[in-house]
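Chemist: pasting the structure only:
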C-alpha cells in the first residue's frame, strides 16, 4: 500500500514538472531603437557644391587647379592661402570664382616655397607612355617629388607652378559642345611635325602624341598667353600651358627644354619648346587641348594633315 502511495506521489510530481516545462514564458519586449537625428554629424553643404573641393591625400594645389581648369594663383586668392603648399587632407577649397566672376590669372608673382608632401611617402616613378591627368587614390606627385627631367635650356621655367585657367566647369565631352564667346575665332595649327603615335582616348590618353627627334621645334598651336612653364606635374615632364581664351588652353608635355616664361604672350606658330623625353619612355610631344578644364579631342580643333 505504501509502495503504491509512493508511486502515485512520484507520478503527480513528474506531471507537475512536465507542466512547468511546457508553460510558455513571458518574453522580453523587442524595442527597435532609431539613432537620434541630433547625433548624426551635420554634413557640410559645400561637399556637394561644385564650387568647392575637399583635399584628398596626395593632392597638390597645382594638380587641383589643373583638374578644375583654374590657375593655381586664383585658388590662392579665393582661399586666402598664405602658403600654397600648406593644404591639409579634408580641407575644403573654393575652385570656382566667387560671385560668378570669370577669374583670371593674377599678374603679380606668388612665390612658392619648397613643396611639402601630404602623403607619407612617394613610390618610385616608372617611365610612362603618357601623362596621368585623371584623379586617383593619389599616388600623384607632390611638388617635392616633381623635378625637372632633362635640360631646361636657357629659359628657366617659372618659379611658381600654375595650372590651367577656365571660366567654369563643364560636362566632359569629346567635342567642344558649348564654346565660350570668341572660341570659334581662334586659329589652330599642329604644334609640331611628326607621326601621330597616340590618339585621344578619354580616360586613357588626354590628348595626342606626336613622334619626333630630340630638339625638334614645338610651336604654339594658337595665339595666347603662357600660363605655366615648368615641371611641376608628374607625368608631363617639362610642360608648357598656353591660355587661348577664358575656356580654352593647350598643353605641351615631355619637352627637352622650355623657351618661354610664364606670363609671356605668344603668337600662333611661335617656338615655345624643344621636343624631348622628360618623364616619358621616348622622344615625343604630348599635346592636349582643354575646354573649361576638361580634356577634349584635339583633332576637333586642328586642321587636317
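Modeler: Received the coordinates, thanks. Given the structure is predicted, the values throughout are model-derived calculations rather than measurements.
Chemist: Describe which strands the longest strand seen in the chain pairs with in its sheet and in which direction.
Modeler: The longest strand of the chain (DSSP state E) is strand 248-258. Taking DSSP bridges as the criterion, strand 248-258 forms sheet pairs with strand 238-243 (antiparallel), strand 271-275 (antiparallel), strand 284-291 (antiparallel).
Chemist: and of those strands, who's closest to residue 225?
Modeler: Residue 225 sits nearest to strand 238-243 of all those, at 5.1 Å, using Cβ to Cβ. For the C-beta atoms, the positions are set from N, CA and C on the backbone; glycine is no exception.
Chemist: got the strands paired with strand 248-258 as TSV, with mean neighbour count, distance to residue 300 and mean pLDDT columns?
Modeler: Formatted as TSV, those follow (neighbours: other Cβ atoms under 10 Å; distance: least, Cβ to Cβ, whole Å; pLDDT from 0 to 100):
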stretch	mean neighbour count	distance to residue 300	mean pLDDT
strand 238-243	26	18	94
strand 271-275	23	22	98
strand 284-291	25	8	95
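Chemist: Of the ones you listed, which is nearest residue 92?
Modeler: Set against residue 92 and scored by Cβ to Cβ, those come closest in strand 284-291, at 24.1 Å.
Chemist: tell me which strands and helices the helix or strand that comes right after the closest one is in contact with?
Modeler: Next helix or strand after strand 284-291 toward the C-terminus (DSSP states H and E): strand 294-296. Judged by 3 or more Cβ pairs under 8 Å, 6 or more residues apart in numbering; DSSP states H and E, strand 294-296 is in contact with strand 284-291.
Chemist: Please give the element, helix or strand, for residue 228.
Modeler: Assigned by DSSP H and E, residue 228 belongs to strand 224-230.
Chemist: list the helices and strands that strand packs on?
Modeler: Right, strand 224-230 is packed against strand 238-243, strand 248-258, strand 265-266 by 3+ Cβ pairs under 8 Å, 6+ apart.
Chemist: same thing but 6 Å
Modeler: Here strand 224-230 touches strand 238-243, going by 3 or more Cβ pairs under 6 Å, 6 or more residues apart in numbering; DSSP states H and E.
Chemist: What about the closest residue to residue 299 other than its chain neighbours, how many residues nearby?
Modeler: Spatial nearest neighbour of residue 299, chain neighbours left out: residue 200 (6.7 Å); criterion: Cβ to Cβ, 6 or more residues apart in numbering. Residue 200 has 20 neighbours, counted by other Cβ atoms under 10 Å.
Chemist: Surely residue 200 and residue 297 touch.
Modeler: Yes - when contacts are counted by Cβ atoms under 6 Å, residue 200 is listed as touching residue 297 (4.2 Å).
Chemist: hang on, the earlier thing: Serialize the strands paired with strand 248-258 to a markdown table and add fields for distance to residue 96.
Modeler: Output for the strands paired with strand 248-258, formatted as a markdown table (distance: least, Cβ to Cβ, whole Å):
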| stretch | distance to residue 96 |
| --- | --- |
| strand 238-243 | 17 |
| strand 271-275 | 29 |
| strand 284-291 | 16 |
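Chemist: Show the pLDDT at residue 198.
Modeler: Looking at residue 198, its pLDDT reads 95.
Chemist: Run through the bridge partners of it.
Modeler: Beta-bridge pairing for residue 198 (DSSP bridges): residue 209.
Chemist: State the distance from it to residue 214.
Modeler: Look at residue 198 and residue 214: by Cβ to Cβ, to the nearest Å, they are 18 Å apart.
Chemist: Compare neighbour counts for the two and give me the winner.
Modeler: When residue 198 and residue 214 are compared on other Cβ under 10 Å, the one with more neighbours turns out to be residue 198, at 17 against 11.
Chemist: any idea how far that one lies from residue 223?
Modeler: Look at residue 198 and residue 223: by Cβ to Cβ, they are 26 Å apart.
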